[in-house]
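Enquirer: Sharing a model that was predicted from the sequence below.
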Amino acid sequence: MSQEIRFNGQDFVTVGFLPEEAGLSLFMEDQRGKRFSNFANLKAEMEAEGRELLFATNAGIFSSDLTPGGLHVEKGQVVSPLNLKDGKGNFHLMPNGVFFLGENGASVLESGAFAELNPKVRLATQSGPALVLKGELHPAFQKGSKNKYIRSGVGVSPDGKIHFAISRKPVNFYDFATLFRDELDCPNALYLDGGISKFYLPALGISNLEGGDFVGILAVTKSTGSGESAGVPAEGLP
């Protein structure tokens, strides 16, 4: 379900669904090995395969050479390994984490805990900082902070539902994390990106097709019954 909500005086767009109700995938390159870069290119390839793009947002951490800066798993294949190194910037504001789809559904785990568990996953993207872990906000977040940007993130609620959110206007980490914990009921949530973050969500009239220069793209698609993927079961946002 997609909706615009107002929480603590700020506006957000949210998308929530159960993994089994909507086909979520992670994309980086097209069939020619060229990075999709934006939602328009992904939409065009999905349509050529007989699929409709229902939702998309840029995924986790990436490096200056426009490759994943941390774990990136597509269709069960590790494209980029887990990154447990120290460093600067939001990603290294520990703890960071991994959002993934595994045999038991969707989860967000702290990166070290993910390494210890080493689950079998179909999809995974690493980013940071973690917004909420086990119901606790990241210890570095400060209420009233002036560090505000457009921010996007993903969380998982106790019923297994995946929740994506993006702020309509610049927001600080504390308020964004509180949205996931207190409004979306996500005891575990991960920051995806800020500033460059965008949603493609035609159900709410949000396009952003041409904007962005993304590495990973998280997307929900459904079969249209035509093209190369005509035999894929219909999936979509409930």
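Expert: Structure received. Residues are numbered from 1 along each chain as shown.

Enquirer: Counting residues, name the longest helix you see in the protein.
Expert: In the chain, taking DSSP state H as the definition, the longest helix is helix 39-48.

Enquirer: who touches that helix?
Expert: Residues from elsewhere that reach helix 39-48, judged by Cβ atoms under 8 Å, 6 or more residues apart in numbering: 27, 30-31, 36, 52-53, 56, 198, 200, 207-212, 217, 219, 221, 224, 227-228. The way it works is simple: take the backbone N, C-alpha and C, and place the C-beta from them, glycine included.

Enquirer: helix or strand right after that helix?
Expert: Counting by DSSP states H and E, the next helix or strand C-terminal to helix 39-48 is strand 51-58.

Enquirer: helix, strand or coil for residue 176?
Expert: Assigned with DSSP: H, G, I helix; E, B strand; the rest coil, residue 176 falls in the helix class.

Enquirer: contacting residues around it?
Expert: Contacts were defined as Cβ under 8 Å, 6+ apart; by that measure residue 176 touches 131, 151, 153, 165, 167, 191.

Enquirer: between those, which is nearest residue 141?
Expert: residue 131 (8.1 Å; Cβ to Cβ).

Enquirer: Check the average confidence over the strand or helix carrying the closest one, would you?
Expert: Here residue 131, judged by DSSP H and E, is contained in strand 130-133. For strand 130-133, mean pLDDT is 98.

Enquirer: how far does that strand sit from the chain's center?
Expert: Offset of strand 130-133 from its chain centre (Cα atoms, centre = their mean, to the nearest Å): 14 Å.

Enquirer: Could you list every helix and strand that it packs against?
Expert: strand 105-110, strand 151-156, helix 173-178, strand 188-194 (3 or more Cβ pairs under 8 Å, 6 or more residues apart in numbering; DSSP states H and E).

Enquirer: Mind listing residues that contact that strand?
Expert: 95-97, 108, 110, 137-138, 153, 155, 173, 176-177, 180-181, 186-191.

Enquirer: And that strand, what's buried?
Expert: Across strand 130-133, burial judged by 16 or more other Cβ atoms under 10 Å covers 130, 131, 132, 133.

Enquirer: Repeat that for stretch 95-109.
Expert: Counting neighbours by 16+ other Cβ under 10 Å, stretch 95-109 gives 95, 96, 97, 98, 99, 100, 101, 102, 106, 107, 108, 109 as buried.

Enquirer: pLDDT below threshold where in the protein?
Expert: By pLDDT under 70, the low-scoring segments of the chain are 226-238.

Enquirer: The same query, at a cut-off of 80, please.
Expert: 87, 89, 91-92, 211, 225-238 (pLDDT under 80).

Enquirer: re earlier: give the partner strands of the strand holding residue 131 in its sheet and their orientations.
Expert: Paired neighbours of strand 130-133 in the sheet (DSSP bridges): strand 136-137 (antiparallel), strand 188-194 (antiparallel).

Enquirer: tell me, how many neighbours does residue 88 end up with?
Expert: Residue 88 sits with 7 neighbouring residues when counted by other Cβ atoms under 10 Å.

Enquirer: oh, I was asking about residue 148
Expert: For residue 148, using other Cβ under 10 Å, the count is 16.

Enquirer: quick one: it from residue 193, how far?
Expert: Residue 148 sits 14 Å away from residue 193, going by Cβ to Cβ, to the nearest Å.
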